[in-house]
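**Student:** based on what follows, work out the 3D shape:
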Amino acid sequence: MRVVVQRVQRARVRVGNETIGEIGQGLLLFVGFTHDDSEPDLTYMVDKITNLRIFEDPDGKMNDSLLDVGGAILSVSQFTLYGDARKGRRPNFMEAARPEVAEPLYDRFTELLRDTGMIIRTGKFGAMMEVELVNDGPVTLTLDTDYL
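**Tutor:** Residues are numbered from 1 along each chain as shown. Reported below is the predicted structural model:
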């Protein structure tokens, strides 16, 4: 499982002309899955993301987590996180989980995020989406369960 985490002042996702998810201060997550991801990857990632100390405390130090600041999450599925462009000019996506595997994982990941009690908004799995954000910092991290 791979997640790109961006600290944002605000973010929204649209499908067609409709805004389907929008947040203020919080985290925008781009979420991708590979073939062998499972429940432990999901629970690890939820704990890691919600407790990452990447928000500034009153002294301007990155000491506060999303839970500390009461922020929200906008989670967007993105299979291209497993794109491999090392050879040639067109990336291959052989490492990305197929939709029939990835969608239930994404749904479960979203459920686990919601279980934290935070405000969780999502994109639409498999849809062509437009994502708008105001990056705060900018602060962008890549988290990967392949390193566990």
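**Student:** residues in contact with the residue nearest the centre of the chain?
**Tutor:** Ranked by distance to the mean C-alpha position of the chain (CA atoms, centre = their mean), the top residue is L29 at 2.0 Å. Residues counted as contacts of L29 (CB atoms under 8 Å, 6 or more residues apart in numbering) are 3-6, 49, 73-76. Where you see a C-beta, it was placed from the backbone N, CA and C, and this is true even at glycine.
**Student:** just the buried ones from those residues, in PyMOL syntax?
**Tutor:** Isolation of the buried members of the contacts of L29 (16 or more other CB atoms under 10 Å) is achieved in PyMOL through the command below:
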select buried, resi 3+4+5+6+49+73+74+75+76
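**Student:** which parts of the lengthiest helix in the chain are buried?
**Tutor:** Scanning the chain for the helix with the most residues, using DSSP state H, yields helix 99-114. The neighbour-count check on helix 99-114 (16+ other CB under 10 Å) flags 102, 105-106, 109-110, 112-113 as buried.
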